[in-house]
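# The sequence isn't on hand, but the structure is:
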């Protein structure tokens with residue numbers, strides 16, 4: 001589903017001014033983003049490890065049957 005062209009806005013419009021983010025706030029935002037990325041990467045590794053363990057257990061159970 002694509003938006004109608006007449007409703008689209010150009011992000012880089014010349015008349016639109018973007019306010020500068022204060023450096024203290026910018027550092028906090030960057031730190032939070034880094035924390036979220038680290039947490040997401042850790043969760044991805046944990047999910048992959050648990051899938052690997054489940055696959056190993058399934059193969060082990062098949063060997064016994």
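Received it, and whenever you're ready, just let me know what you need. Everything quoted here is computed from the prediction, not taken from an experiment.

# use CA for all of it now, contacts and neighbours both
Will do.

# Which pLDDT value belongs to residue 58?
At residue 58, the model reports a pLDDT of 78.

# Kindly report the same for residue 10.
Note on residue 10: pLDDT of 63.

# Same check on residue 17?
The model reports residue 17 with a pLDDT of 69.

# cool, and the one 4 residues further on?
At residue 21 the predicted local distance difference test score is 87.

# Equivalent analysis for residue 31, please.
For residue 31, the model assigns a pLDDT of 95.

# quick one: it from residue 23, how far?
In this structure, residue 31 and residue 23 are separated by 12 Å, where distance is defined by Cα to Cα, to the nearest Å.

# More neighbours: those two, which one.
Higher neighbour count among residue 31 and residue 23: residue 31, with 12 against 9, using other Cα atoms under 10 Å.

# and the more buried one, what element?
When secondary structure is defined using DSSP states H and E, the element that contains residue 31 is helix 23-64.

# helices or strands up against that helix?
Counting contacts by 3 or more Cα pairs under 8 Å, 6 or more residues apart in numbering; DSSP states H and E, helix 23-64 is packed against no other helix or strand.

# Where does residue 21 sit: helix, strand or coil?
Local secondary structure at residue 21 is given as coil here, using DSSP: H, G, I helix; E, B strand; the rest coil.

# What distance do you get for it to residue 27?
Residue 21 is 10 Å from residue 27, by Cα to Cα.
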